[in-house]
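>>> Below is the structure, and that's it, no one-letter string:
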């Protein structure tokens, strides 16, 4: 698996070549994906903005995720990840987005959604795609694995 800086460099090259922008919508990673993207100089050429929507209210207010959707499925769910990704593109000047919502731990898990559960959403010009992953490890490990998987998933869809 590629390292995060390598994934970001590849994303940058792909997006710049297309003249397109991306945005992030993050819950469990708290801005780490946006941070990784803006770590390299010149990222303003392809990184438009990041939304850190840690609370349910922020998901609704900033991304337009319906409160009823969160109430029906929970924040850590496929429908919410899908709505977050779509909302990021709708509320930014971006063509692409990645959204993550999960349980990084060590608290907050449940039998249905144990610690390490993460839903991903990727909004592309052709639609929104979602995926579920479960990562083992402590909070930092889950968050770093989420960042890497989110970036790799976006790169895969770009190429």
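Sure, I can see it. Note that the structure is a prediction, hence the values are computed from the model and not measured.

>>> make it CA atoms for all contacts and neighbour counts henceforth
Will do.

>>> so who does the residue nearest the centre of the chain touch?
Central residue of the chain (Cα atoms, centre = their mean): residue 99, 2.5 Å from the mean position. By Cα atoms under 8 Å, 6 or more residues apart in numbering, residue 99 lies in contact with 24-27, 81-82, 84-85, 88, 120-122, 150.

>>> Quick one: the strands in the protein, in order.
Using DSSP state E, the strands found in the chain span residues 22-26, 47-52, 96-102, 117-124, 127-134.

>>> can you redo these as TSV with distance to residue 157 and mean pLDDT?
TSV is the format used below for those (distance: least, Cα to Cα, whole Å; pLDDT from 0 to 100):
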stretch	distance to residue 157	mean pLDDT
strand 22-26	12	98
strand 47-52	16	98
strand 96-102	10	98
strand 117-124	8	98
strand 127-134	9	98
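
>>> Let me have these in TSV, extended by distance to residue 14.
Output for the strands of the chain, formatted as TSV (distance: least, Cα to Cα, whole Å):
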stretch	distance to residue 14
strand 22-26	11
strand 47-52	12
strand 96-102	12
strand 117-124	13
strand 127-134	18
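
>>> do you know which of those lies nearest residue 156?
Closest to residue 156 of those, according to Cα to Cα: strand 117-124, at 10.4 Å.

>>> Can you give the distance from that closest one to the centre of its chain?
6 Å (Cα atoms, centre = their mean, to the nearest Å).

>>> Show me what it is packed up against.
Counting contacts by 3 or more Cα pairs under 8 Å, 6 or more residues apart in numbering; DSSP states H and E, strand 117-124 is packed against helix 78-90, strand 96-102, strand 127-134, helix 139-158.

>>> Tell me which of these lies nearest to residue 6.
When the helices and strands packed on strand 117-124 are ranked by distance to residue 6, counting by Cα to Cα, first place goes to helix 139-158 at 9.9 Å.

>>> Show me the contact partners of the closest one.
Helix 139-158 has contacts (Cα under 8 Å, 6+ apart) with 3-4, 7-8, 10-11, 14, 28-29, 32-33, 97-100, 104-106, 116, 118, 120, 122, 124, 135-136.

>>> From the residues you listed, list the buried ones, please.
Neighbour counting with 16 or more other Cα atoms under 10 Å marks 4, 7-8, 10-11, 14, 28-29, 32-33, 97-100, 104-105, 116, 118, 120, 122, 124, 135 as buried within these.

>>> So for the residue of the chain positioned farthest from its centre, what's the pLDDT?
Within the chain, residue 111 marks the point farthest from the mean C-alpha position, 23.5 Å out by Cα atoms, centre = their mean. Note on residue 111: pLDDT of 94.
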